[in-house]
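>>> please find the sequence and the predicted model below.
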Amino acid sequence: MTQQEVKTRNGDRIAIVSGLRTPFARQGTAFKEVPAVDLGKMVVSELLARTGIDPSLIDQVVFGQVVQMPAAPNIAREIVLGTGMNVSTDAYSVTRACATSFQSAVNVAESIMAGNIEIGIAGGADSSSVLPIGVSKSLAQGLLELSKAKTLPQKLSILRKLSFKDLLPVPPAVAEYSTGLSMGQTAEQMAKTHQIPREEQDALAHRSHSLAAQAWEEGLIQDEVMTAYPEPFKEWIAKDNNIRNNSSLEQYSKLRPAFDRQFGSVTAATSTPLTDGAAAVLMMSESKAKELGLEVLGYIRSYAFSAIDVHEDMLMGPSYATPIALDRAGIELKDLDLIEMHEAFAAQTLANVKMFASEAFAKEKLGRDKAIGVIDMDKFNVLGGSLAYGHPFAATGARLMTQTLRELKRRGGGLALTTACAAGGLGAAVILEVDKVEADKSGTVSGTDKKHGAASQNTSNKGDK
Amino acid sequence: MTAENVKANSMDKTAFTLTIDSDNLAWLAIDVPNEKMNTLQAEFADQMKTIFNQLDSKKSQVKGLIVHSLKPDNFIAGADVRMLEACQSSLEAEQLATQGQQMFSRLSALPFTVVAAIHGPCLGGGLELALGCDYRVCSDDNATKLGLPEVQLGLLPGSGGTQRLPRLIGLLNSLDLILTGKLLRAKKAVKLGLADACVPKSILLEAAKDYIAKPKRKVKIDIKEKLIANTKMGRKVIFEQAAKKTKQKTRGNYPATKAILKVIEYGLENGIEKGFAKEAHEFGQLVMTPESQALRSIFFATTEMKKDFGSDAKPKTVTNVAVLGGGLMGAGIGYVSATKAKVPVRIKDVSNDGILHAMNYSYQLLSKLVKRRSLTKAQLQQQMQYISGGTDFTGFAHKDMVIEAVFEDLSLKQSMVKDVESNAKKGVIFASNTSSLPISKIAQGAAHPENVIGLHYFSPVDKMPLVEVIPHEGTSDEVIATTVKFARKQGKTPIVVKDKAGFYVNRILAPYMNEAARVLLSGEPIEHIDKALLNFGFPVGPIALLDEVGVDIGAKITPILVEELGERFSAPDVFEILLKDNRKGRKSGKGFYTYKGKKKEVDKSVYSLLKLKPESILSEEVVAMRCVLLMLNEAVRALDDGIIASARDGDIGAIFGIGFPPFLGGPFKYIDKVGAKKLVEIMNEYAGKYGSRFAPSDGLLTRAGTGDKFYPS
């Protein structure tokens, strides 16, 4: 397979200069009145304020949201217009379910590679609190007919056709359009098919929460998360509010299965909660960053997307996309220093981990002679995963990339995989690289962003009390 | 074209140009040469006569006339106020009014339809011209505003406005417009019937043509209006009510409002022609009143000050600021920076609650505008996006200016200077909103003291128009000019003052407030004291003001003033007693007044706290004079000490910073009016009765001797 050159024609790598997200908040909490578009504006404004880059230098904003707001379908453009950015900054929106901000970042990268733009912002935002609640199909049709009806008897006859049930509002479903299966049902199917025991699922959730809580505690996360002061300016939030700070394994075993009460194993605690939040990254070519005197977080080494059938194992995307991305980078799994996999469900994550190591899977499904590789759990989701942080659909990809790059940098550089499954049987994998730091071997990293205190494991946890 | 040709052309160029197009439509274009704005001047009358003669000669063929402006963004901003200064007598001024009336009457008497196509401000004389037309078509642009603001200069609309407006939009709406001088947006003007259409600017002239096709206007009067205002009884009630309300607001200090009511009523009773005559006559009288003269002098002073940057250096443009401290002042400074200056502003506070407070403050103010429909929700959100916040110095690397509004604590402010210098970019201006600390001390230990300056706002920041810009000895000229320019961008009127205790405003305010406290301690009731100064013309009484500013603030400044400037600043023992009882004023829920119920009332328990039995013995006049005399005396000292650069700055500072009665023109204008000699006599008399603090300052005594005025005419 040919290698991928994620570079401009001049041989410049594609740099992620900086990344930022809002705190992730459970549905109906701190962001309960804030639509996705405002979350996006918030994070992009703050990203610009922090990097201090002249907004007129931003050529393009690519953004996404999974739960579409009919009032603002092109969220990217609304962000440009609503943040006082330069009006001539081009903007368009993308959607790739839970891999949306992987997609927006890749789009920006490709535009830079093609020489169409020099600097771009990519990201995603989702609100599970401010939702486009719809009406039933029969009511929608009735309303349309009503608007065209001229006489009173005509209008009455249309109204008579509607039953009380038709008047109930219809919330958006977290389910697959083509199969009607909910994501939880799919996770349940994967747990059963791949024999992922309940205990292992609980253990992963516990691990995720414990590591995330520890990462916050050690000050590893705060500099990539902005303090948000959302409208109506009555409360602020500085920290993710889904993470269990005193996670203990027993808490998890008490819960009843959520999707299959009788034979199931997937619980609320081993599923990502519905979450509100936004995340964004600032991207440009390596030489542009140098020209502007901006420090680089890291580079995109390779990327791949995959697609499989939706009826079974729909959330197995990482196992399909990763080998392609590895090949494109010209490396193997063991070359990676960190592996960051989106935890939609503990069952889905563990099923993927299992398939990475499975030779049978490689042969049957991937058409390869060798397994992708056994994942070294010491490198896996080292700061905890989506089960703890939460999962605002479109924001997760950007969170994974920023968090991983910063951790990679703290560890002195190297290569990392970030990967996610997505509805529709899609998978995404992006391999990131951070230049190795040679001079300083003492463990502290000299190349980090001092002003923002990225190397601040020891600094006190300001601003989130 | 040769150079001489050009010169000759521009000299010949007139403000009014008439063209008649192939459709026999006449176009009257207004373009006052060599001016950015169109303003009406006396000599235009002759130009208009020529134009009317041209129109008369072609009246059989002309189908209609459209009046429009050639300036990009204004119609007519009003009559040129400067021409009033040349008037030696009320008769001269009356003649100016009559001339204008005749011009517009001739316009309205043209035998064909006349339409005004209005884009941009259409104010005062400009609107009176438009009222002379049959129809008014406006652009829907934000720049388009209609109004008769003459009352704000102590005048009335003298070119037919008081007569034509009530006949067009009814009595009630007219009174509202003319008595307040408020400006209307195009949409609202259409709603009131003042304008006939509101259209996009791109089709303004086309829309005007549509109205040419209509017959000349016959005024239709609303039925409700007919019932109320067109009967003698109804009118009488309206005028009585209006007079009462106006009296309440003006306390009889502004003769223009009275004259406006008189003229409108007279015109309605006796017909438009007699109304015109009365209007011109009263206009002439008002021009000569000291009140109007004072108000006009403020107008000229503020216009003049816009060209003054406090130093000869070229100001830089500030595009990105930070505010330290999210308290009341910091929040207000953040608000004017984001919404008026329209620059990104970062609020830094030690706590997220402080930042949230600052954001909420702007949000509340903007939400009020949304409620009043002068702002859309989207605009609110956009303006809020300018305000960000954080508890660290993130983003400071790109700030041009950091405005500090933290606690009044010298070492805290000094450490802020150091923090900002080490976190912000080179050359960042550090502006301190201190009310009492010397700027030179704040700059001590700064790596770049030349970039440290004082920028003193007044509370509430969004309302109070003044700021004091306080350079210390070492502040660079460029920093002064840049700060003045930015303060102006925030919508403020800056005055540059010397770095000495109390600067200017607090220095003259303190003796005034202290005296009010002494009057209170002598047993005068609180209402009586406040009423005395309200009637004198202040917007708030001194005791109520103490509550607003905060008793603690006063207590904090007093010792500094005493130490730096002398014993005359020592305050009576009121503040300590109140503070011990936790009466800081409005912010603590109680002070001299209570702030619990809807109605603000004097908290009677204050009297027993101060061991007083209130009884009104002194006349209002004496109470007011006691307070005001000390303020005047101190203002003269401040001028002679070089705290302010000129009497003009001192007058503007007192009016915009304290609310010194505008109709008196400021402390210095007022002293000139009373006369230094007379004032010295009064002060000596008061010194004998109430204490030596009333002894006139040396500067005042000298001027009493020489007869020199602050404003030599």
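Received, thanks. Numbers count the residues shown, from 1 in each chain, chains lettered A, B, ... in the order given.
>>> and the residue of the stretch 151-300 of chain A at minimum distance from chain B, how far from B:Gln364?
Of all residues in the stretch 151-300 of chain A, A:Phe233 sits closest to chain B, at 3.9 Å by CB to the nearest CB. Using the backbone N, CA and C atoms, a C-beta is placed for each residue, glycine as well. Distance of A:Phe233 to B:Gln364, given as CB to CB, to the nearest Å: 8 Å.
>>> likewise B:Glu43?
Distance, B:Glu43 to B:Gln364, using CB to CB: 50 Å.
>>> so the two - more neighbours on which side?
B:Gln364 (13 against 10; other CB atoms under 10 Å in any protein chain shown).
>>> does B:Val114 belong to a helix or a strand, and which?
When elements are assigned from DSSP states H and E, B:Val114 belongs to strand B:113-118.
>>> what pairs with that strand, and is each one parallel or antiparallel?
strand B:64-69 (parallel), strand B:135-139 (parallel) (DSSP bridges).
>>> what pLDDT, on average, does the helix or strand just after it get?
Remark: after strand B:113-118, the chain's next helix or strand is strand B:121-123, criterion DSSP H and E. For strand B:121-123, the mean per-residue pLDDT is 97.
>>> tell me how far strand B:121-123 is from the chain's mean position?
Remark: strand B:121-123 is offset 17 Å from the chain centroid, using CA atoms, centre = their mean, to the nearest Å.
>>> buried stuff in the next helix or strand after it?
Sequence-wise, the next helix or strand downstream of strand B:121-123 (DSSP H and E) is helix B:125-131. For helix B:125-131, a neighbour-count test (16 or more other CB atoms under 10 Å in any protein chain shown) marks B:Gly125, B:Gly126, B:Leu127, B:Glu128, B:Leu129, B:Ala130, B:Leu131 as buried.
>>> which one of those is nearest B:Val32?
For these, the residue nearest B:Val32 by CB to CB is B:Gly126; the value is 11.4 Å.
>>> just give the nearest non-adjacent residue to the closest one, would you?
B:Ile76 (2.8 Å; CB to CB, 6 or more residues apart in numbering or on different chains).
>>> after the helix or strand B:Val417 falls within comes which helix or strand?
Using DSSP H and E, the element containing B:Val417 is helix B:410-423. From helix B:410-423 onward toward the C-terminus, using DSSP H and E, the following helix or strand is strand B:429-432.
>>> ok, and what's touching that following strand?
With CB atoms under 8 Å, 6 or more residues apart in numbering or on different chains as the test, strand B:429-432 has contacts from B:318, B:400-404, B:413, B:416-417, B:420-421, B:439, B:442, B:446, B:451-455, B:479, B:482-483.
>>> now, which of those lie within strands?
B:Met401, B:Val402, B:Ile403, B:Glu404, B:Val452, B:Ile453, B:Gly454, B:Leu455 (DSSP state E).
>>> just the buried members of the residues you listed?
Buried subset of the ones in strands among the contacts of strand B:429-432 (neighbour count, 16+ other CB under 10 Å): B:Met401, B:Val402, B:Ile403, B:Glu404, B:Val452, B:Ile453, B:Gly454, B:Leu455.
>>> what would these look like in TSV with pLDDT?
Below are those laid out as TSV (pLDDT from 0 to 100):
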residue	pLDDT
B:Met401	98
B:Val402	98
B:Ile403	98
B:Glu404	97
B:Val452	98
B:Ile453	98
B:Gly454	98
B:Leu455	98
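>>> TSV for those residues, including distance to B:Ile495?
Output for those, formatted as TSV (distance: CB to CB, whole Å):
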residue	distance to B:Ile495
B:Met401	19
B:Val402	22
B:Ile403	17
B:Glu404	20
B:Val452	19
B:Ile453	14
B:Gly454	12
B:Leu455	12
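>>> average pLDDT for stretch A:107-117?
On average, stretch A:107-117 scores 97.
>>> let me redo that: stretch B:545-555
pLDDT averaged over stretch B:545-555 gives 87.
>>> could you list the buried residues of it?
Under 16+ other CB under 10 Å, the buried positions of stretch B:545-555 are B:Leu545, B:Leu546, B:Asp547, B:Val549, B:Gly550, B:Val551, B:Asp552, B:Ile553, B:Gly554, B:Ala555.
>>> state the pLDDT value of A:Thr444.
Per-residue pLDDT puts A:Thr444 at 45.
>>> so which bits of stretch B:85-99 are buried?
B:Cys87, B:Ser90, B:Ala93, B:Glu94, B:Leu96, B:Ala97, B:Thr98, B:Gln99.
>>> ok, stretch B:70-85 next?
Of the residues in stretch B:70-85, B:Lys71, B:Asn74, B:Phe75, B:Ile76, B:Ala77, B:Gly78, B:Ala79, B:Asp80, B:Val81, B:Leu84 count as buried by neighbour count, 16+ other CB under 10 Å.
>>> and the closest residue in space to the fifth one that isn't next to it in sequence, how far from A:Phe24?
With CB to CB, 6+ apart as the measure, B:Met37 is the residue that lies nearest to B:Ala77, at 4.5 Å, once sequence neighbours are left out. Relative to A:Phe24, B:Met37 is positioned 54 Å away (CB to CB).
>>> now, which of the buried ones among the ones in strands among the contacts of strand B:429-432 sits nearest B:Ser588?
Set against B:Ser588, the nearest of those by CB to CB is B:Glu404 (24.4 Å).
>>> what values do phi and psi take at the residue lying closest to B:Asp80 once chain neighbours are set aside?
Nearest non-adjacent residue to B:Asp80, counting by CB to CB, 6+ apart: B:Thr39, 4.2 Å away. Per-residue torsions, B:Thr39: phi -130, psi 150 (degrees, to the nearest 10).
>>> I'd say B:Thr39 and B:Asn74 touch.
No: the criterion here is CB atoms under 8 Å, and B:Thr39 misses it with B:Asn74 at 9.4 Å.
>>> shared neighbours, these two?
Residues touching both B:Thr39 and B:Asn74 by CB under 8 Å, 6+ apart: none at all.
>>> distance of B:Val428 from A:His209?
Where A:His209 is concerned, B:Val428 sits at a distance of 43 Å (CB to CB).
>>> those two: who's more crowded?
Set side by side, B:Val428 and A:His209 show more neighbours around A:His209, with 25 against 22, by other CB under 10 Å.
>>> buried sites along the helix or strand that contains the more buried one?
Assessed by DSSP H and E, A:His209 sits inside helix A:198-217. By neighbour count on 16+ other CB under 10 Å, the buried set for helix A:198-217 is A:198, A:200-213, A:215-216.
>>> hmm, back to that, contacting residues around the strand holding B:Val114?
Contact partners of strand B:113-118, identified using CB under 8 Å, 6+ apart, comprise B:63-69, B:75, B:107-108, B:122, B:129-130, B:132-139, B:144, B:146, B:186, B:195, B:204-205, B:207-208, B:211-217.
>>> mark which of these are buried, thanks.
Buried among the contacts of strand B:113-118 (16+ other CB under 10 Å): B:64-69, B:75, B:107-108, B:122, B:129-130, B:132-139, B:144, B:146, B:186, B:195, B:204-205, B:207-208, B:211-212, B:217.
>>> what's near enough to touch the residue nearest to A:Val62 when sequence neighbours are not counted?
In this structure, A:Val62 finds its nearest non-sequential neighbour in A:Ser104, 4.2 Å apart by CB to CB, 6+ apart. A:Ser104 makes contacts with A:Val62, A:Phe63, A:Gly64, A:Ala76, A:Val94, A:Ala122, A:Gly123, A:Gly124, A:Gly397, A:Ala398, as judged by CB under 8 Å, 6+ apart.
>>> might you list the low-confidence residue ranges for the chain?
Here I'm looking at chain A. Scanning chain A for pLDDT under 70 picks out the ranges A:1, A:172-174, A:438-465.
>>> the chain in question should be chain B.
B:1-12, B:219-230.
>>> can you list the residues of the stretch 51-200 of chain A near chain B?
Residues of the stretch 51-200 of chain A lying close to chain B by CB under 8 Å from any CB of the partner chain are A:Gly52, A:Gly82, A:Thr83, A:Gly84.
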